[in-house]
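**Q** Just the structure for this:
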Amino acid sequence: MIFTDDTEDALRAAVWLVNSAEDPDTLTTVADEEVLLAEYPYTGRIDRDAAELASLRDLRARLRTMLLAPRDEMAEHVNAALADSSLSPQLRRHDGLDWHLHAVADDRPLAERVLIETAMALIDVIRADEGGRISVCADAGCQALALDLSRNRSKRYCSTTCANRNAVAAYRARRGGGR
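**A** Presented below is the predicted three-dimensional model:
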């Protein structure tokens, strides 16, 4: 483990949310939001309505900028996010998770909580100087984010699909063009 569980969970959720904007967009309905919440269960207020969905969709570009920023710029984005929110940090233990920090109240809008949880996770990334673990997928035709939480820093692709496509292409190139 590189980071604490809550940091890794927040980074995974942020990358999922950012990547949902890639073609085809996978966050267009409240049912799509349910997929996010099933994979990354957030506690606190969840409205499950069109306004909440719109705010999550709007957040994706900001998260992408934050996640891909060089270290000093990442710190500026984190500071701006923290300044934009009504912070009320509390240690919480719930749902089988040990003590961890909730930086905003549970009654705040989901998009705000996602933003702040991402900012808090990026604090750990910045402090550890591990921003290189978040990158654009190495597949030439893909702009999704890849999150590398492996010990050996070997993850270059956003998904198994992109990794397999590139492995097949490399194999065919070695074999003489696919014959």
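
**Q** Can you name the residues that contact Leu59?
**A** 17, 111, 114-115 (Cβ atoms under 8 Å, 6 or more residues apart in numbering). Any C-beta I mention is one placed from the backbone N, CA and C, and that applies to glycine too.

**Q** Recalculate using a threshold of 6 Å.
**A** Ala111 (Cβ atoms under 6 Å, 6 or more residues apart in numbering).

**Q** gap between it and Leu115?
**A** Leu59 sits at a distance of 6 Å from Leu115 (criterion: Cβ to Cβ, to the nearest Å).

**Q** do Arg71 as well
**A** Arg71 is 19 Å from Leu115, by Cβ to Cβ.

**Q** Compare neighbour counts for the two and give me the winner.
**A** Between Arg71 and Leu115, counted using other Cβ atoms under 10 Å, Leu115 has the larger neighbour count: 24 against 14.

**Q** in this protein, which spans are helices?
**A** 5-19, 30-39, 50-68, 71-84, 110-127, 160-174 (DSSP state H).

**Q** Make CSV out of the ones you listed and add distance to Arg151 and mean pLDDT.
**A** Listed next are these as CSV, based on distance: least, Cβ to Cβ, whole Å; pLDDT from 0 to 100:
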stretch, distance to Arg151, mean pLDDT
helix 5-19, 13, 96
helix 30-39, 23, 97
helix 50-68, 21, 98
helix 71-84, 21, 98
helix 110-127, 16, 97
helix 160-174, 18, 87
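
**Q** Quick one: closest of the ones you listed to Gly141.
**A** Nearest to Gly141 among the helices of the chain is helix 160-174; the distance by Cβ to Cβ comes to 8.5 Å.

**Q** residues in contact with the closest one?
**A** Here helix 160-174 has contacts from 137, 139, 142, 157, 178, using Cβ under 6 Å, 6+ apart.

**Q** again, only using 10 Å
**A** The contact list for helix 160-174 (Cβ atoms under 10 Å, 6 or more residues apart in numbering) reads 137-142, 144, 146, 155-157, 159, 178-179.
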